[in-house]
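heads up, no residue letters with this:
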DNA sequence: GGCAGTTTGGAACGATTGGTCAAACCGAGG
DNA sequence: CCTCGGTTTGACCAATCGTTCCAAACTGCC
């Protein structure tokens, strides 16, 4: 029907994510986004308002289709302790394989925009908080299951794992050396005991 | 004399560093740099070639006046084990105090430009390598002095500390929460034993 | 086959981008 | 006192930025 959009919004957002992911917000122009998404300027602005609006939607889409989707899969398929190990291992592996070295859109955005854009700061804080909450939940579940020692301060360990996770994603984007990645993975195991 | 520059290049670079530090390379325009440095466009281009040239010089200046200067001070004033602890503690403290949340210009640049700018990638890798080398050197000195247990794998620990350091600088720029910072500082102590 | 609503592509907007240049300027040496 | 070789200056450049707008093409309904 003529009053239904011709394009699939999810596809468009996927492509927008791809563009922003590689070069960040500032260095990605509207022309680039037009080429990447396949939509023309008019439709892009009609659908998303402006560049920033598109970015926010893309960030949200990234979170849903990548981060959330991935964490949920770990929740469903893995024992709690293994979920944490698998999280780090597959991120490490995938990052070193990615020849474009895109890292994590969320972390990239955190560093580029969060310090001087309050709304994005809030979004980034929420999303990172979710990762921290995931880690805490899995740690506690592992303690209940007896696969992580019960005297470990789970809250502190979750914060530390979050830091290591962020470090991992920065390193693999900017300073990708297998031995550094291995050191991080070993440390995750050490924390889990 | 008319053939001597009126301005102090070091001052100019200091101000350029300040501008790039806050908003990154892409989001800092020439106009902003003109205002920040006090020089006008012509002089800026005569002295540094182009925006990128100025950025590279500013990055170098940052490294010399901030990073190197700081590491040398730690080398001179502190025992090896304490040098590492002091590095993390003062970075943590300074970062949480900085209301502009600038983080570390080197780490910010690593994430913004290194993945798709080979020359900057090389510079970033060299500079981060220096930090890693500093950590390794201090770890080994501490082992010789008997303040770090001798069976610790110093090379691996240096890589891990570098990751924690980067994580710390990202966190304080984008997700500044004291408890997360404390978790990192505790972990540094745990690694040092 | 007209009607209504969408999508489309591109022309055009003013603002700003990174970058250039020729003239004004200046103090030492002749 | 005038020339020389550098610096300083701000006007100026084309290109691109994000954004707006609109006329034409399209398409399922009556």
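Nice, thanks for sending it over. Keep in mind the model is a prediction, meaning the values are calculated, not measured.

What ranges does chain A have for its helices?
For chain A, the helices defined by DSSP state H occupy A:9-23, A:30-37, A:41-48, A:51-62, A:69-77, A:80-97, A:105-112, A:118-145, A:154-174, A:178-192.

Pull the number of nearby residues for residue A:9.
Residue A:9 has 13 neighbouring residues, counting by other CB atoms under 10 Å in any protein chain shown. Where C-beta positions appear, they are placed from N, C-alpha and C, glycine not excepted.

before we move on, what about residue A:187?
For residue A:187, the count of nearby residues is 24 (other CB under 10 Å).

show me the contacts for it.
The contact partners of residue A:187, taken as CB atoms under 8 Å, 6 or more residues apart in numbering or on different chains, are A:164, B:160, B:163.

what's the answer for residue A:166, then?
A:107, A:110, A:128, B:167, B:170, B:171.

With adjacent residues omitted, what lies nearest to the last one?
It stands for residue B:171. In space, and not counting its chain neighbours, residue B:171 is closest to residue B:180: 5.6 Å by CB to CB, 6 or more residues apart in numbering or on different chains.

Please identify which of the contacts of residue A:187 is nearest to DNA strand C.
Distance to DNA strand C across the contacts of residue A:187 (CB to the nearest atom of the strand) is lowest for residue B:163, with 32.1 Å.

okay, the helices of chain A in JSON lines with mean pLDDT next?
Output for the helices of chain A, formatted as JSON lines (pLDDT from 0 to 100):
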{"stretch": "helix A:9-23", "mean pLDDT": "93"}
{"stretch": "helix A:30-37", "mean pLDDT": "93"}
{"stretch": "helix A:41-48", "mean pLDDT": "90"}
{"stretch": "helix A:51-62", "mean pLDDT": "95"}
{"stretch": "helix A:69-77", "mean pLDDT": "97"}
{"stretch": "helix A:80-97", "mean pLDDT": "96"}
{"stretch": "helix A:105-112", "mean pLDDT": "97"}
{"stretch": "helix A:118-145", "mean pLDDT": "97"}
{"stretch": "helix A:154-174", "mean pLDDT": "96"}
{"stretch": "helix A:178-192", "mean pLDDT": "96"}
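
Out of these, the one nearest residue B:103 is which?
Closest of those to residue B:103 is helix A:105-112, at 7.2 Å (criterion: CB to CB).

Could you check that closest one against DNA strand D for contacts?
No: shown here: helix A:105-112 not in contact with DNA strand D (CB under 7 Å from any atom of the strand), separated by at least 13.6 Å.

And that helix, what's buried?
Within helix A:105-112, the residues scored as buried using 16 or more other CB atoms under 10 Å in any protein chain shown are A:105, A:106, A:107, A:108, A:109, A:110, A:111, A:112.

Kindly reformat those residues as CSV containing distance to residue B:70.
Output for these, formatted as CSV (distance: CB to CB, whole Å):
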residue, distance to residue B:70
A:105, 32
A:106, 30
A:107, 25
A:108, 26
A:109, 28
A:110, 24
A:111, 21
A:112, 25
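
For DNA strand D, state which of those is nearest.
Using CB to the nearest atom of the strand, the buried residues of helix A:105-112 come closest to DNA strand D at residue A:112, 13.6 Å.

give the contact list for the closest one.
Applying CB under 8 Å, 6+ apart, the residues contacting residue A:112 are A:24, A:25, A:26, B:24, B:27, B:111, B:112.

Format those as CSV; extra columns: distance to DNA strand C.
Shown next, in CSV, are the contacts of residue A:112 (distance: CB to the nearest atom of the strand, whole Å):
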residue, distance to DNA strand C
A:24, 14
A:25, 14
A:26, 10
B:24, 11
B:27, 8
B:111, 19
B:112, 13
